[in-house]
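In: what follows is a predicted protein model with its sequence.
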Amino acid sequence: MLSALVIVFREVLEMAIILGLLFAATKGVTGARKWIVSGAGLGLLGAMLFALFMDEVESGMDGNGEFVFNAVLLGLASVLLAWTVVWMNKHGREMSSRLKQAGQSVAEGDLPMKSLLLVSLAAVMREGGEAVFFLFGAMQMEGDAHAMLLGGGLGLLAGAALGIVLYQGLIRIPMQYVFKVMGALLILLAAGMASQAASNLVLVDMLPPIIDTLWDSSFLLSDESLMGELLHVLMGYDAQPSGMQMLVFVATLGVVTYFYRRT
């Protein structure tokens, strides 16, 4: 039961953090929540389909299907987040002063609403798919379906509750600072997702690691700790990153920051 609780809690918390950032960054923008919720719903449907065809996905590409699946979703989400944050910086001042007219921006097609749908879809589908994958492995080891179901339910509630608390903190940021704060967080999130995508491809030998373990900071902050988990979600923290992970992280961070400042 404990393994199911930890697995589901971690994946739900990751979903909640990403969705909370999107909700907070688009606070007051007409129609934004509809697109985010729609994307989350489609992502949940995709995770259910992943559960149905998990054996096929896992065995695909010589047993590397799950890693490639994660890398594609993470890469897609990273690109879309980068696009969204550059747009936010370009239009943020106008939005902060005229939020009531945001509906006009949506109608004119200026707001990247479809990117919000796709980012939330990719986040929920990836985390939901990972939860299914890890729960399947835990079930094979423990074999107690009732305990796994109870643990999964408790993990879902705990992860959602903490996500709501974090969101409530985000929306209390004064409007004049919200776009700067959210922009910085979303840039880090995009870079972290890109580095995680690279990590998945390194694991299946589709990218070279350059250096297998660039450093080991697990004695300071382990991946399994709560703060390590939060930093993993927010900026792709890994206590033992490869050289390729850091190269992709720094490159993505630099490129997105350049376009962010340029706009």
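Out: Received, thanks.

In: so who does Asn64 touch?
Out: Applying CB atoms under 8 Å, 6 or more residues apart in numbering, we find Asn64 in contact with 204, 206. The C-beta positions use only the backbone N, C-alpha and C, and glycine is treated the same way.

In: just the element for Thr84, please.
Out: Following DSSP states H and E, one finds Thr84 within helix 65-97.

In: now that helix, how far from the centre of its chain.
Out: Relative to the chain's own centre, helix 65-97 is displaced by 10 Å; criterion: CA atoms, centre = their mean, to the nearest Å.

In: cool, and stretch 199-215?
Out: 20 Å.

In: tell me what the helix holding Thr84 is packed against?
Out: helix 54-63, helix 102-107, helix 113-142, helix 175-203, helix 243-262 (3 or more CB pairs under 8 Å, 6 or more residues apart in numbering; DSSP states H and E).

In: quick one: average pLDDT of it?
Out: Per-residue pLDDT over helix 65-97 has a mean of 73.

In: give me the buried positions along that helix.
Out: 65-71, 73-86, 88-89, 91-92, 95 (16 or more other CB atoms under 10 Å).

In: and the contacts of whatever helix or strand Leu49 lives in?
Out: Element membership for Leu49, per DSSP H and E: helix 32-52. Here helix 32-52 makes contact (CB under 8 Å, 6+ apart) with 15, 19, 22-23, 26, 57, 69, 111, 113-114, 116-129, 131-132.

In: pull out the buried members of those.
Out: 15, 19, 22-23, 26, 57, 69, 111, 113, 116-129, 131-132.

In: by mean pLDDT, show me the worst of the helices and strands packed on helix 65-97.
Out: helix 102-107 - the lowest mean pLDDT of these, at a mean of 43.

In: quick one, the helix or strand Phe9 falls within and helix 175-203 angle?
Out: Using DSSP H and E, Phe9 sits within helix 2-25. Orientation of helix 2-25 against helix 175-203 (axes from the mean of the first three to the mean of the last three CA atoms, to 10 degrees) gives an angle of 140 degrees.

In: and helix 2-25, which residues are buried?
Out: 3-25.

In: give the contact list for Met193.
Out: Contacts of Met193 (CB under 8 Å, 6+ apart): 74-75, 77-78, 81, 236.
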